[in-house]
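Trainee: What follows is a predicted structure for the sequence shown.
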Amino acid sequence: MRRMASARVASAAVTHTRLAVEDELGWLFREQPTEDFGIDAHAEVVDGEDVRGRLLGLQIKGGMSWFSERAAGGWWFRPDAAHVRYWMSHSLPVVVVLYHPGTRRCHWQLVGPKTLDETRNGGLRLLVPEAHVLDGTGRAALQEAAQGDPDALRIREQLAGPGPRRPFPRRRAIALGGLAAITSAAVPVGLALSRGSSGTTAGATPADVIAYRVWAIKSEVYVVAFSPNGGTLATSGADGVIRLWHTATWAPAGSLHASVSGWAIAYSPDGTMLATGDGSKPAVQLWDLATKRPTTLRGQANRVFSVAAGSLENKLASASPEDNVEAWDVASRNHIGGFSAYQPVYCVAFGRDSQALAIGCEDGTVQLRDPTGAKITAFPGHHAGPVESVAFSPQGTILASGGADHTIRLWDAATGSAITVLSGHTDAVWSVAFSPDGKTLASASSDNTIRLWDLANYKATAILRGHTGEVASVAFSPDGTILASGSEDHTIRLWKVP
């Protein structure tokens, strides 16, 4: 994945590579288990109806950081020695695929003695040409690489040195989107529950704030969410364990072991249930917190990047990177319909009256729809990548969106007109959350920081520092005095709101 893994971008990279292999090349695509080392997927050549087991191993990377080192005609990709040894001894030809979130193109290069270049310090680098787009133009070269005599032993060059000791998990986090004080947005899935002309800020001199409490756990933390009454904090992450904490003492209050990764969680408005979504599998679960038993909702056919619940009509909605939004009646658990957004959807949030549904899309726009899916309007603005998080203000008048373009954008929820652009983060904004009084907005970013914004003057008032990895999720306590955050650095942090 990228840098320290914007899981969301990594998931988009796999999705776009799949589309390129299946739609552009007309071949078969098989994603590998997340425990696999150095090979994310296999592409199998298809000639018409001819399938003879001619395979390529694909190492897929997504994010702008992989395009930071320009070279003549392309970009330098610098793999570590362990991966190179693994690829060069692999029984299949290996192709590195780099996904560019701005252009939404996949660029590729074969790994081999002719393409690997030794650097002065003894390392290796691979030139990924800009012209190598994963589409029909590369079919002949890739097909030739996959060719081989099935009766002959394929010999791959071996590099000196020991191979990797053990496979390591490939991060698949997701961006979370949701309503203030209840949800958050993060790397790769988001869950959100609802209760029922641009400018750029400048001149802010925010104060540094340090967390007053830190928990270290054995998993990357993707979501943090307070219960509606403020009595419990729920956290979830890569290990699929939903941890509950008593806010009066901050002692553990039990845990839920989901059958899916905990990439998205959110409380129901009455606090009796917790919804979870999975960014790698088509699963949405609704947990009864009294019995700690889940119900898997039927009708979710694709992976889930975000869910949102509207209290007035007791509805739950989910959004998928495969472009569809689904809806359920929470009381009956019945699937009540869905619609297509015609492009990958990364986050979703209900408005205050549950009559408006905001969805953040890969093309950098926010679509505003009614609960039936009828489109009301679209807010363009995030130009360099997808919208990673959306949230309505408690009053329902302002919509905030955070994007891969490092900005937060505020919109008039009624008219769709732009209010302002909040700038200051130096990387993707994964999560936005309004304070309960609607006067402050918190934003969490891949730059390892959280910012607090005064919505009276649209200036940053504080920078919350301490996380050593991407901050995936933020949530205000219902009384607005505490902000919780979760990060891929395996910590949960609590901050006293200035």
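Mentor: Done, it's in.

Trainee: per-residue confidence for residue 18?
Mentor: Note for residue 18: predicted pLDDT of 90.

Trainee: The one 10 residues further on now?
Mentor: Residue 28 carries a pLDDT value of 91.

Trainee: May I ask you to confirm that it is in contact with residue 51?
Mentor: Yes: counting by Cβ atoms under 8 Å, residue 28 does reach residue 51; the two are 7.2 Å apart. From N, CA and C alone the C-beta is placed, and that goes for glycine too.

Trainee: Overlap in contacts, the two.
Mentor: Shared contacts of residue 28 and residue 51 (Cβ atoms under 8 Å, 6 or more residues apart in numbering): residue 44.

Trainee: Confidence-wise, which helix or strand of the chain is lowest on average?
Mentor: Using mean pLDDT, DSSP states H and E, the weakest-scoring helix or strand in the chain turns out to be strand 190-194, at a mean of 37.

Trainee: Residue 17 falls within a strand, correct?
Mentor: No: per DSSP: H, G, I helix; E, B strand; the rest coil, residue 17 lies outside any strand segment and is helix.

Trainee: OK, contacts around it?
Mentor: Applying Cβ under 8 Å, 6+ apart to residue 17 gives the contacts 29, 41, 58, 60, 97, 99, 106, 134.

Trainee: what two of those residues are the furthest from one another?
Mentor: Distance extremes for the contacts of residue 17: the farthest pair is 29 and 99 at 13.9 Å, using Cβ to Cβ.

Trainee: now the strands for the stretch 51-200 of the chain?
Mentor: 55-62, 70-71, 74-77, 94-100, 105-110, 116-118, 124-129, 190-194 (DSSP state E, counting those that start in this stretch).

Trainee: Does the first one pack against any helices or strands, and if so which?
Mentor: Going back to what we said before, that points to strand 55-62. Contacts defined by 3 or more Cβ pairs under 8 Å, 6 or more residues apart in numbering; DSSP states H and E place strand 55-62 against helix 7-19, strand 41-44, helix 81-88, strand 94-100, helix 139-146.

Trainee: let's see it at 6 Å
Mentor: When contacts are defined as 3 or more Cβ pairs under 6 Å, 6 or more residues apart in numbering; DSSP states H and E, strand 55-62 sits against helix 7-19, strand 41-44, strand 94-100.

Trainee: Now tell me what touches it from outside.
Mentor: Contacting residues not belonging to strand 55-62 are listed as 2, 9-10, 12-14, 17, 38-44, 90, 92-99, 146 [Cβ atoms under 6 Å, 6 or more residues apart in numbering].

Trainee: where exactly do the strands run in the stretch 351-498 of the chain?
Mentor: Taking DSSP E, counting those that start in this stretch as the criterion, the stretch 351-498 of the chain carries its strands at 357-361, 366-369, 375-379, 387-392, 398-403, 408-412, 418-422, 429-434, 440-445, 450-454, 459-465, 471-476, 482-487, 491-496.

Trainee: If you average pLDDT over each of those strands, which is lowest?
Mentor: Lowest mean pLDDT of the strands of the stretch 351-498 of the chain: strand 375-379, a mean of 80.

Trainee: before we move on, the earlier item: can you redo the contacts of residue 17 as a markdown table with neighbour count?
Mentor: As requested, these are exported to a markdown table (neighbours: other Cβ atoms under 10 Å):
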| residue | neighbour count |
| --- | --- |
| 29 | 18 |
| 41 | 20 |
| 58 | 26 |
| 60 | 25 |
| 97 | 26 |
| 99 | 26 |
| 106 | 26 |
| 134 | 25 |
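
Trainee: Which of the residues you listed sits closest to residue 357?
Mentor: Lowest distance from residue 357 to the contacts of residue 17 (Cβ to Cβ) belongs to residue 99, with 28.0 Å.

Trainee: Next up, the contacts around the closest residue to residue 366 other than its chain neighbours.
Mentor: Excluding the flanking residues, the one nearest residue 366 by Cβ to Cβ, 6 or more residues apart in numbering is residue 379, at 4.2 Å. For residue 379, the contacting residues are 366, 411, 416, by Cβ under 6 Å, 6+ apart.
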